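Engineer: Sharing a sequence plus its predicted fold:
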Amino acid sequence: QVQLVESGGGLVQAGGSLRLSCAASGRTFSSYVMAWFRQAPGKEREFVARISWSASSTYYADSVKGRFTISRDNAKNTVYLQMDSLKPEDTAVYYCAAGGRLSTPTAAYNSWGQGTQVTVSS
(Lines give C-alpha, C1' and ligand atoms only; values in the text may rest on other atoms or scores of the structure.)
Protein backbone atom coordinates (compact mmCIF):
# COMPACT_ATOMS: atom_id res chain seq x y z
CA GLN A 1 0.00 0.00 0.00
CA VAL A 2 0.94 3.61 -0.46
CA GLN A 3 0.91 6.22 2.31
CA LEU A 4 -1.09 9.37 1.52
CA VAL A 5 -1.06 12.80 3.18
CA GLU A 6 -3.51 15.55 2.17
CA SER A 7 -3.02 19.27 2.62
CA GLY A 8 -4.51 22.55 1.45
CA GLY A 9 -7.89 22.55 3.14
CA GLY A 10 -9.29 25.59 4.91
CA LEU A 11 -12.07 28.12 5.17
CA VAL A 12 -13.15 29.99 2.04
CA GLN A 13 -16.10 32.12 1.03
CA ALA A 14 -18.60 30.92 -1.53
CA GLY A 15 -17.29 31.51 -5.02
CA GLY A 16 -13.71 31.19 -3.92
CA SER A 17 -11.05 28.61 -4.74
CA LEU A 18 -8.84 26.12 -2.96
CA ARG A 19 -6.21 23.68 -4.16
CA LEU A 20 -5.81 20.40 -2.33
CA SER A 21 -2.66 18.34 -2.56
CA CYS A 22 -2.04 14.71 -1.70
CA ALA A 23 1.53 13.51 -1.34
CA ALA A 24 2.22 9.80 -1.69
CA SER A 25 5.11 7.77 -0.38
CA GLY A 26 6.81 5.00 -2.27
CA ARG A 27 8.17 4.48 -5.75
CA THR A 28 5.07 3.05 -7.37
CA PHE A 29 2.82 6.12 -7.38
CA SER A 30 2.39 6.00 -11.16
CA SER A 31 0.90 2.50 -10.91
CA TYR A 32 -2.12 3.76 -8.94
CA VAL A 33 -5.38 5.27 -10.03
CA MET A 34 -5.86 8.27 -7.76
CA ALA A 35 -9.13 9.72 -6.57
CA TRP A 36 -10.67 12.30 -4.29
CA PHE A 37 -13.65 11.61 -2.07
CA ARG A 38 -15.46 13.77 0.46
CA GLN A 39 -17.60 13.24 3.50
CA ALA A 40 -19.93 15.83 4.99
CA PRO A 41 -21.25 15.53 8.56
CA GLY A 42 -23.94 12.88 8.82
CA LYS A 43 -23.47 11.75 5.23
CA GLU A 44 -21.71 8.87 3.53
CA ARG A 45 -18.35 9.31 1.87
CA GLU A 46 -18.90 10.19 -1.78
CA PHE A 47 -16.80 10.11 -4.92
CA VAL A 48 -15.55 13.46 -6.26
CA ALA A 49 -13.01 12.78 -9.02
CA ARG A 50 -10.48 10.26 -10.26
CA ILE A 51 -7.49 10.27 -12.58
CA SER A 52 -5.81 7.44 -14.45
CA TRP A 53 -2.24 6.28 -14.03
CA SER A 54 -0.80 8.54 -16.75
CA ALA A 55 -3.36 11.34 -16.31
CA SER A 56 -4.82 10.60 -19.74
CA SER A 57 -8.29 10.03 -18.29
CA THR A 58 -10.28 11.92 -15.67
CA TYR A 59 -13.81 11.50 -14.37
CA TYR A 60 -15.92 13.70 -12.11
CA ALA A 61 -19.06 13.52 -10.07
CA ASP A 62 -21.85 15.56 -11.63
CA SER A 63 -21.94 17.82 -8.59
CA VAL A 64 -18.40 19.12 -9.22
CA LYS A 65 -18.07 18.82 -12.99
CA GLY A 66 -16.91 22.08 -14.53
CA ARG A 67 -15.78 23.49 -11.17
CA PHE A 68 -13.15 21.01 -9.93
CA THR A 69 -10.06 19.76 -11.74
CA ILE A 70 -8.02 16.73 -10.75
CA SER A 71 -4.41 16.43 -11.87
CA ARG A 72 -1.28 14.53 -10.94
CA ASP A 73 2.48 14.88 -11.12
CA ASN A 74 4.05 11.43 -11.10
CA ALA A 75 7.55 12.90 -10.75
CA LYS A 76 6.46 14.50 -7.47
CA ASN A 77 4.23 11.62 -6.31
CA THR A 78 1.41 14.11 -5.86
CA VAL A 79 -2.21 14.40 -6.91
CA TYR A 80 -4.10 17.70 -6.82
CA LEU A 81 -7.68 18.88 -6.69
CA GLN A 82 -8.26 22.43 -7.90
CA MET A 83 -11.62 23.59 -6.59
CA ASP A 84 -13.17 26.72 -8.10
CA SER A 85 -16.56 28.39 -7.70
CA LEU A 86 -16.94 26.73 -4.33
CA LYS A 87 -20.38 26.39 -2.80
CA PRO A 88 -21.44 25.88 0.84
CA GLU A 89 -22.55 22.36 -0.09
CA ASP A 90 -18.92 21.54 -0.93
CA THR A 91 -18.15 21.71 2.78
CA ALA A 92 -16.72 18.35 3.84
CA VAL A 93 -13.61 16.45 4.80
CA TYR A 94 -11.78 15.63 1.59
CA TYR A 95 -9.83 12.40 1.27
CA CYS A 96 -7.44 11.20 -1.40
CA ALA A 97 -7.31 7.53 -2.23
CA ALA A 98 -5.24 5.14 -4.31
CA GLY A 99 -6.48 2.10 -6.15
CA GLY A 100 -5.73 -0.32 -8.93
CA ARG A 101 -8.58 0.27 -11.36
CA LEU A 102 -10.68 3.03 -12.84
CA SER A 103 -13.72 3.00 -10.59
CA THR A 104 -15.81 5.21 -8.33
CA PRO A 105 -16.93 3.13 -5.33
CA THR A 106 -14.93 3.55 -2.14
CA ALA A 107 -14.36 -0.22 -2.06
CA ALA A 108 -12.19 0.05 -5.19
CA TYR A 109 -9.57 2.05 -3.29
CA ASN A 110 -7.36 0.42 -0.67
CA SER A 111 -5.17 3.30 0.51
CA TRP A 112 -6.55 6.45 2.09
CA GLY A 113 -5.23 9.66 3.53
CA GLN A 114 -6.32 11.13 6.84
CA GLY A 115 -8.44 13.84 5.23
CA THR A 116 -8.40 17.63 5.11
CA GLN A 117 -11.30 19.88 6.09
CA VAL A 118 -12.82 22.23 3.53
CA THR A 119 -15.37 24.74 4.80
CA VAL A 120 -17.22 27.07 2.44
CA SER A 121 -19.08 29.94 4.06
CA SER A 122 -22.10 31.59 2.45
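Structural biologist: Nice, I can see it.
Engineer: C-alpha from now on. contacts and neighbour counts both.
Structural biologist: Fine.
Engineer: burial of the closest residue to Thr69 other than its chain neighbours, as a residue count?
Structural biologist: Distances taken as C-alpha to C-alpha, 6 or more residues apart in numbering place Gln82 nearest to Thr69, at 5.0 Å, with adjacent residues excluded. Gln82: 14 surrounding residues under other C-alpha atoms under 10 Å.
Engineer: Surely Gln82 forms part of a strand?
Structural biologist: Yes - Gln82 sits within a strand when classified using DSSP: H, G, I helix; E, B strand; the rest coil.
Engineer: and it, what are its bridge partners?
Structural biologist: Here Gln82 sits in beta bridges with Arg19, Thr69, as judged by DSSP bridges.
Engineer: Let me see the contact set for it.
Structural biologist: 17-20, 68-70 (C-alpha atoms under 8 Å, 6 or more residues apart in numbering).
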